[in-house]
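Trainee: task: produce atomic coordinates for the following.
(one chain, ligands or ions: 1)
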Amino acid sequence: MKVSLITHTPNPEKIIAASARLCYSDSEIDELLNNLDAKKSAELVSRLIKMGHESTIEHVTFTFGIEGVSRSLLAQITRHRMASFSVQSQRYVRGDNFQFVIPPEIESSSRAKQIYLEAMENDIKSYNEITDILIDKHLEDLISQGMDEKKAKPKAEKMAIEDARFVLPNASHTKMIATFNARSLLNFFSLRCCNRAQWEIKSVADEMLKICIAIAPTVFKSAGPGCVRGACPEGTMTCGKISEVRRYYKELTDGD
Ligand SMILES: Cc1cc2nc3c(=O)[nH]c(=O)nc-3n(C[C@H](O)[C@H](O)[C@H](O)COP(=O)(O)OP(=O)(O)OC[C@H]3O[C@@H](n4cnc5c(N)ncnc54)[C@H](O)[C@@H]3O)c2cc1C
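Mentor: I've put the predicted structure just below:
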């Protein structure tokens, strides 16, 4: 799994502070920006976060590259509607010799891992066989419809992999570019840094949070699962490890 920062809004905390000041000031925007240094911006951002004046932090966005994650993760992360995603297509990119995620619990059991690897091998074998059968079928149809062979070949392959991909597993690697604004990120971290989230999306969320803290430390100072800011919101479903979780995120956000 690889999470990288592609880009982010420059001077994020200054932009947030200026947008908040603008609401209550008759100054020109240039003047507002010129009167804000890093310290003043951080103080104002801290107050805004405490007050819950969160629309101002929507002005700041972060764009991440996320690679080597499973299609299971894809289904979970794209439920976050307040983010934008571009995802590698299995309709256009042929999946033979595909790579896949091995969940740590499966990795740690030699018998489970053996069954898992056999399943992956069978999947790719089926995928390749179905692709080849469908390519032949589509090629024949396209040529009989009058298309010349040079044009028909890539079209037949595209049509074949569109259907063959149905046998590919949830474990298949995928990659995406994802853009979140800072408010959406705070919500994302609340839900996905929680121990109740699945290990894979939690790892991605933790990596994203580390990146965000380095860039906008005041915005993300209290970021993380709900229990870092108060009682555990999971009720009876709590992981029961609140002290441990709070310590982990305090160290992360304090930069210890
Ligand atoms: C531990 C865990 C288990 C889960 N299990 C399941 C499951 O079993 N089945 C399942 O289907 N999903 C499941 N989910 C997904 C979950 O229900 C959410 O779809 C997902 O976490 C996205 O959260 P969100 O809606 O807050 O984020 P976003 O879509 O990014 O929305 C952000 C916020 O914007 C507001 N918002 C967005 N859209 C609307 C809208 N249409 N109307 C009003 N307000 C809106 C809400 O305040 C929302 O919190 C699970 C999530 C977690 C963390």
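
Trainee: report all helices and strands that the lengthiest helix in the chain contacts.
Mentor: When the chain is parsed with DSSP state H, its longest helix is helix 110-144. Helix 110-144 is packed against helix 104-107, helix 149-164, with contacts defined by 3 or more C-beta pairs under 8 Å, 6 or more residues apart in numbering; DSSP states H and E. Where you see a C-beta, it was placed from the backbone N, CA and C, and this is true even at glycine.

Trainee: would you mind naming what in the protein lies close to the ligand?
Mentor: 79-82, 184, 187, 191-192, 196-197 (C-beta under 6 Å from any ligand atom).

Trainee: turn those into a markdown table, columns for pLDDT and neighbour count.
Mentor: As requested, the residues of the chain next to the ligand are arranged in a markdown table below (pLDDT from 0 to 100; neighbours: other C-beta atoms under 10 Å):
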| residue | pLDDT | neighbour count |
| --- | --- | --- |
| Arg79 | 98 | 9 |
| His80 | 98 | 18 |
| Arg81 | 98 | 7 |
| Met82 | 98 | 12 |
| Ser184 | 98 | 19 |
| Asn187 | 98 | 15 |
| Leu191 | 98 | 18 |
| Arg192 | 98 | 24 |
| Arg196 | 97 | 15 |
| Ala197 | 98 | 17 |
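
Trainee: what residues sit buried inside the longest helix of the chain?
Mentor: 116, 120, 123-124, 127-128, 130-131, 134-135, 138-139, 142 (16 or more other C-beta atoms under 10 Å).

Trainee: measure Glu207 to Glu107 for me?
Mentor: Per C-beta to C-beta, to the nearest Å, Glu207 is found 19 Å from Glu107.

Trainee: more neighbours: the two, which one.
Mentor: Each of Glu207 and Glu107 has its neighbours counted (other C-beta atoms under 10 Å); Glu207 has more, 17 against 12.

Trainee: which residues touch that one?
Mentor: 1, 3 (C-beta atoms under 8 Å, 6 or more residues apart in numbering).

Trainee: so it is in which element?
Mentor: helix 199-215 (DSSP states H and E).

Trainee: counting by contacts, list what whichever helix or strand comes after that helix packs against.
Mentor: Sequence-wise, the next helix or strand downstream of helix 199-215 (DSSP H and E) is helix 242-254. If contacts are counted by 3+ C-beta pairs under 8 Å, 6+ apart, helix 242-254 sits against helix 199-215.
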